[in-house]
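> missing the sequence, but the structure's below:
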């Protein structure tokens, strides 16, 4: 169990919503909303919520929707790299995809065996710095800020090998690989009919992957309501347990 899960305040940031939850005490949760869909509009909401002393504490974990995160998988380096070399390789791959915009992002690097690429998770540096400063100003000292994928991946089975679909309203994140290493990453906007188009998406990404993962798919739905696996004779589908009633930013805190 994460050291954050037992006694810390948890905060989720999703498009248009901020949710707060703690394991004990009253109130147990709170949700604030805004018509501003971008991440910048969420910080004033959070500042407003934390002005209430009921939500003060020392330790906090923030879960950020995949809408606000960009992932990249680099080419395999072929050898062990220093931390600085790993960051440079990830930044180079991000710039190759997103251009100069990537220079404004804060990046976390996940190492993998040298024959596999490095995984990078990027969020706006200015946003992360403002978020961290806001939390410090409200008295928090132990601060963890995670993309939703980092939290959700803890629920994958130990024998995972294949494709992992992380679905939120309006966004799909797709990861292919095994417990040993990720081999392919993709993400895209999603409409309400996303489940019906999954077989086509998996087939397309399998054709693009340099190392094709096994034909098995784990679907992890967060805030999308009830989900049924697609019908496909060539793929083994499995829907991971999820709260069918949870929605919005609160659904991110259910993991």
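It's in. Because the structure is a prediction, the values reported are computed rather than measured.
> any idea which helix or strand carries the residue lying closest to residue 239 once chain neighbours are set aside?
In space, not counting the residues next to it along the chain, residue 239 is nearest to residue 219; the distance is 4.8 Å by C-beta to C-beta, 6 or more residues apart in numbering. To be clear about C-beta, it is placed using only N, CA and C from the backbone, and glycine gets the same treatment. Under the assignment given by DSSP states H and E, the secondary-structure element containing residue 219 is strand 216-221.
> buried residues in that strand?
Neighbour-count burial for strand 216-221, counted by 16 or more other C-beta atoms under 10 Å, picks out 217, 218, 219, 220, 221.
> surely residue 67 is in a helix?
Yes: according to DSSP: H, G, I helix; E, B strand; the rest coil, residue 67 belongs to a helix.
> isn't it right next to residue 14, touching?
Yes: assessed by C-beta atoms under 8 Å, residue 67 is found in contact with residue 14 at 7.0 Å.
> need the overlap of contacts for those two.
residue 168 (C-beta atoms under 8 Å, 6 or more residues apart in numbering).
> comparing those two, which shows the higher neighbour count?
Set side by side, residue 67 and residue 14 show unequal neighbour counts under other C-beta atoms under 10 Å, the larger going to residue 14 at 31 against 20.
> count of residues packed around residue 40?
When neighbours are counted by other C-beta under 10 Å, residue 40 registers 12.
> please apply the same query to residue 249.
The tally of other residues near residue 249 (other C-beta under 10 Å) stands at 26.
> swap in the one 5 residues further on?
The burial count assigned to residue 254 is 14, neighbours taken as other C-beta under 10 Å.
> quick one: secondary structure of it?
Here residue 254 takes the coil state, with states given by three-state DSSP.
> where does it land on pLDDT?
The pLDDT attached to residue 254 in the predicted structure is 88.
> isn't residue 234 up against residue 214?
No: the pair residue 234 and residue 214 fails to qualify as a contact (C-beta under 8 Å) at a distance of 11.5 Å.
> point out where the chain drops to low pLDDT.
1-7, 25-26 (pLDDT under 70).
> where do the strands sit along it?
Across the chain, reading from the start of the chain, the strands by DSSP state E fall at 9-14, 17-21, 29-33, 59-64, 70-73, 105-110, 119-124, 142-147, 161-168, 171-178, 182-189, 216-221, 236-239.
> cool, thanks, talk later.
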